[in-house]
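**Student:** Need the 3D shape of this:
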Amino acid sequence: MPIRAVLWDIDDTLFDYTGADTAGLARHLCEEGLGEHYGSPAEALALWRRYTQRHWDRFSAGEVTFQGQRQDRVRDFLGRPALSADEADAWFERYVAHYRAAWTLFPDVLPVLDALAGRYRHGVLSNSSAASQDPKLRHLGLRDRFEVLVCAAELGVSKPEAAAFLAACAQLGLPPRDVAYVGDQPEIDARGARDAGLTAVWLDRDGGRGPGPAGVHRIEGLEHLPALLAGDTRFGARSGIR
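**Tutor:** Numbers count the residues shown, from 1 in each chain. All right, here's what the predicted structure looks like:
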């Protein structure tokens, strides 16, 4: 069977999450009077990302709620372990306001979605929550392009676990072999999708990050995706794409 549907990651695949996070955090810290506290904006972002990953891993392991991991991120980042849940939530929401103001799509997103429209079904699988991702997709004008939105917070399992990919395929009513997954992370997205039986496409926008996992297709821009899908190249086959 040919590829019949494409499942998409959102952050740093469709949406410039890193750019928005960088700009939003810098503006937020400035307004909070913390502009110089963490050194450069890059150093502040690196620390924020480190705590984000640490507490997301705890959430993925079932050790904390989705909201709890946000609150713990704020406490660790500020170095204020006694911060109340309400105070942490308020700080996070002020950050989110700046982050949202910087939301933007990558320039290759709309052209490729237009090129694939009518030829493939589309859905989203994200390691976040529907409460976060649904408004984002609507703000960016993309929500109506996707039949399903499957998120880890509601699903109870996250990428790279096979169960996450299989749940998204089930919501499309398709077997994994009929679905391609496109994401920017070689392990969480590409290896996870491959191991779950989907055709895995690693979007390496920066290039130079190495060959990636065996048996996945690596592209450096979404403009390469239509030809890859049209060739119906399954993992292990030659795609002609780096």
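**Student:** Same question for the helix ranked longest in the chain: list its buried residues.
**Tutor:** As assigned by DSSP state H, the longest helix anywhere in the chain is helix 41-60. Residues of helix 41-60 classed as buried by neighbour count (16 or more other C-beta atoms under 10 Å): Pro41, Ala44, Leu45, Trp48, Tyr51, Thr52, His55, Trp56, Phe59, Ser60. Placement of C-beta: from N, CA and C, glycine included.
**Student:** do the same with stretch 82-99
**Tutor:** For stretch 82-99, burial by neighbour count (16+ other C-beta under 10 Å) applies to Leu83, Ala88, Trp91, Phe92, Tyr95, His98, Tyr99.
**Student:** quick one: contacts for the last one?
**Tutor:** It stands for Tyr99. Residues near Tyr99 by C-beta atoms under 8 Å, 6 or more residues apart in numbering: Ala20, Asp21, Ala23, Gly24, Leu25, His28.
**Student:** I'd like to know which of the residues you listed is nearest to Lys159.
**Tutor:** Nearest to Lys159 among the contacts of Tyr99 is Asp21, at 18.9 Å by C-beta to C-beta.
**Student:** Run through the residues that contact that closest one.
**Tutor:** By C-beta under 8 Å, 6+ apart, the contact set of Asp21 is Leu45, Trp48, Arg49, Tyr99.
**Student:** 10 Å instead?
**Tutor:** Counting by C-beta atoms under 10 Å, 6 or more residues apart in numbering, Asp21 makes contact with Asp11, Asp12, Leu45, Trp48, Arg49, Thr52, Tyr95, His98, Tyr99, Ala102.
**Student:** these two touch, right, the first one and Ala20?
**Tutor:** In this case it means Asp11. Yes: with contacts counted by C-beta atoms under 10 Å, Asp11 reaches Ala20, the gap being 9.1 Å.
**Student:** what is in contact with the two at once?
**Tutor:** Common neighbours of Asp11 and Ala20 (C-beta under 10 Å, 6+ apart) are Lys136.
**Student:** hang on, His122 in a strand?
**Tutor:** Yes: under DSSP: H, G, I helix; E, B strand; the rest coil, His122 sits within a strand.
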